[in-house]
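A.B. asks: here you go, sequence then predicted model.
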Amino acid sequence: MQVPQSIDAVQSTLAETGYVCGRALATVVFLSLKLGRPLFLEGEAGVGKTEIAKALALALGRRLIRLQCYEGLDASSAVYEWNFPAQMIAIRTAEAAGGADRQSLRTELFSREFLVERPLLQAMRPDENGAPILLIDELDRTDEPFEAFLLEALSDFQVTIPELGTITAPEPPIVILTSNRTREVHDALKRRCLYHWVDYPTFDREIEILHSRAPEAAETLSREIVAFVQRLRTEDLFKKPGVAETIDWAKCLLALDVIDLSPEVISDTLGAILKYQDDIQKIQGSEAKRILDEARASLVPA
């Protein structure tokens, strides 16, 4: 599929995959595609940053390549490594055959046959379906040296393998970086990208998302679920529930054949929306009833 040629086209294209986004997010996605600039998405966990890369890959029919970041990730782990066990077998085979030329053996050992490509190198390869989507997920988990390497890689869309030389992407990948803001990412990398803060959705937007992801949920139950979760986000919690938790909770309630919310049902299923025991203990019992009452009151037309 061709890249959408307008902001409205981005919204409708993503909506076809089940991803509902506002105009501000659709605008920055359109500009990223139009200008060929990496897109940096920041926001709380569970608000849909990773999902937009998946939806875009599905909508455009492109390959999704995901680099999941973690503490200690270095350039070599993100780009390539050599298949050491296969190299050892090749060495022993050559020794058993006898008379192996050391230079030719070295050339063979460090050829593409023994190269294990990691996400950044994979994203530099040509693809018949067009440039892939490169998702660099949770960049804030890495450290500054990796950010510096990434800045260089994304500037030239090329990587260097000492044994093979420099590999340049024939067509730059569509790059999406995400951060949960557990730490600040360096300004130099942000300046290379188009930036957007992905916030929690409004009530109407979250209802629209829930209709898309859990269409079998009745309207009354959907409204109660979203009102309760939105009210829950105003509480003093260690980890506020994201949109992903709203969808998970709705699916759990549907699996239990729940028609409407009750304090008992909420207490039994809190593990679908809250992921820390201290938060769960804080909301159980009378607190669940209070929040449910406030959520229902907010649904009553003025």
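C.D. replies: Thanks, I have it. Residues are numbered from 1 along each chain as shown.
A.B. asks: tell me the pLDDT at the residue nearest to Trp82 when sequence neighbours are not counted?
C.D. replies: Spatial nearest neighbour of Trp82, excluding adjacent residues (C-beta to C-beta, 6 or more residues apart in numbering): Phe114 at 5.7 Å. For glycine as for every other residue, the C-beta is placed from the backbone atoms N, C-alpha and C. pLDDT recorded at Phe114 is 91.
A.B. asks: and if you look at Gly99?
C.D. replies: 60.
A.B. asks: picking up where we left off before, so the residue nearest to Trp82 versus Gly46, what's the distance?
C.D. replies: Noted for Phe114: a distance of 40 Å to Gly46, by C-beta to C-beta, to the nearest Å.
A.B. asks: who's more crowded, these two?
C.D. replies: Gly46 (22 against 17; other C-beta atoms under 10 Å).
A.B. asks: name the element that one belongs to?
C.D. replies: Under DSSP states H and E, no helix or strand contains Gly46.
A.B. asks: name the nearest residue to it, sequence neighbours excluded.
C.D. replies: Gly242 (2.0 Å).
A.B. asks: now do the contacts for that neighbour.
C.D. replies: Going by C-beta atoms under 8 Å, 6 or more residues apart in numbering, Gly242 touches Glu44, Ala45, Gly46, Val47, Gly48, Tyr200.
A.B. asks: measure the residue nearest to Trp82 to Ile89 for me?
C.D. replies: Taken as C-beta to C-beta, the span from Phe114 to Ile89 is 10 Å.
A.B. asks: where does the protein have low pLDDT?
C.D. replies: Residues of the chain that meet the criterion pLDDT under 70 lie in 1, 99-100, 300-302.
A.B. asks: show me the contacts for the residue nearest to Trp82.
C.D. replies: If a contact means C-beta under 8 Å, 6+ apart, then Phe114 has Trp82, Asn83, Ala86, Gln87, Ala90 as its contacts.
A.B. asks: what's the helix or strand for Phe30?
C.D. replies: Per DSSP H and E: helix 23-35 holds Phe30.
A.B. asks: which SS state does the nearest residue to Lys275 once chain neighbours are set aside fall under?
C.D. replies: Leaving out its chain neighbours, the residue that sits closest to Lys275 by C-beta to C-beta, 6+ apart is Lys239, at 5.8 Å. Taking DSSP: H, G, I helix; E, B strand; the rest coil as the rule, one finds Lys239 in the coil state.
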